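Enquirer: Can you look at this prediction? I've put the sequence above it.
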Amino acid sequence: MNVAARSERQRQKDILNNLWDIHVQLEADVWEIETRGDFTALVARRSSGQEVEICRFSRRALPDEIRLIAGGVRNLCVSLDLIQRAAARVRQLESEVQQLQKQLADKPKDYAANAAILCQGELFHRFLEVKSDGEVIADKQAADARMKELLTIKSKKEINNDERAREAFLSLRAEFELWKRGAE
């Protein structure tokens, strides 16, 4: 994050902290619109019991404008509550993502299972046919046998346990992905 972005972020934090302070001071107050003689006023009934006229509205003020101003404290409380709940949810999701990443990092990759899945696909069969100078790959057993020949392995388990076999499989899989883009 560059200096300007950090500065803007700090400015936003300062504004939000100021709004929280206002929220704490006013959350128990009730703001109401009252008609007083020939004008409309915004009156605050404070938690102390004190009643104070906050402002008077011009006769040309629209009802929506008056309601927006009069609802300021309530809207601030709702907005800050939403921000607080959203931030809590973001923190929860970040924690869940970190846990999943840790689980995935701790779990060894099962390339043998990936190889077995590839051998079931007809597109992989066509790829192996190309690699075999047109030898027909009719089913997953034929695909499995041909893949093992290409990787010079006897069992797909070797892909997980032997570095050379794993590298050969990853290379074959990458070659298949490139071939697939051209075949589709």
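Expert: On my side now, so go ahead.

Enquirer: Show me the protein divided up by domain.
Expert: Domain assignment for the chain by automatic domain parsing gives 3-105, 111-183.

Enquirer: export those to CSV and tack on mean neighbour count and mean pLDDT?
Expert: For the C-beta atoms, the positions are set from N, CA and C on the backbone; glycine is no exception. Shown next, in CSV, are those (neighbours: other C-beta atoms under 10 Å; pLDDT from 0 to 100):
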stretch, mean neighbour count, mean pLDDT
domain 3-105, 12, 90
domain 111-183, 16, 92
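
Enquirer: What values do phi and psi take at the residue of the chain most remote from its centre?
Expert: Distance from the centre of the chain peaks at residue 37, with 54.0 Å (C-alpha atoms, centre = their mean). Listed backbone geometry of residue 37 is phi 70, psi -120, with angles given as degrees, to the nearest 10.

Enquirer: now swap in residue 162 and tell me
Expert: Dihedral angles (degrees, to the nearest 10) for residue 162: phi -120, psi 120.

Enquirer: Name the SS class of the closest residue in space to it that isn't next to it in sequence, please.
Expert: Once flanking residues are discounted, residue 162 sits nearest to residue 153: 7.5 Å by C-beta to C-beta, 6 or more residues apart in numbering. Three-state assignment for residue 153 (DSSP: H, G, I helix; E, B strand; the rest coil): coil.

Enquirer: show me what contacts residue 153?
Expert: Contacts here follow C-beta atoms under 8 Å, 6 or more residues apart in numbering; on that basis residue 153 touches 159, 162, 165, 168.

Enquirer: Would you quantify the distance from it to residue 34?
Expert: 85 Å (C-beta to C-beta, to the nearest Å).

Enquirer: do the same with residue 149
Expert: Look at residue 149 and residue 34: by C-beta to C-beta, they are 89 Å apart.

Enquirer: now the residue nearest to the spatial centre of the chain: how far from residue 7?
Expert: When C-alpha atoms, centre = their mean is applied to the chain, the residue found nearest the centroid is residue 93 (7.9 Å). Going from residue 93 to residue 7 by C-beta to C-beta gives 27 Å.

Enquirer: quick revisit: and the residue nearest to the centre of the chain, what element?
Expert: Under the criterion of DSSP states H and E, residue 93 resides in helix 72-106.

Enquirer: So what's the gap between that helix and the chain middle?
Expert: Distance of helix 72-106 from its chain centroid, counting by C-alpha atoms, centre = their mean, to the nearest Å, is 11 Å.

Enquirer: and what of stretch 31-50?
Expert: Relative to the chain's own centre, stretch 31-50 is displaced by 44 Å; criterion: C-alpha atoms, centre = their mean.

Enquirer: start to end distance for it?
Expert: With C-alpha to C-alpha, to the nearest Å as the measure, stretch 31-50 spans 12 Å from end to end.

Enquirer: Touching, residue 40 and residue 60? I think so.
Expert: No. Assessed by C-beta atoms under 8 Å, residue 40 is found out of contact with residue 60, at 11.1 Å.
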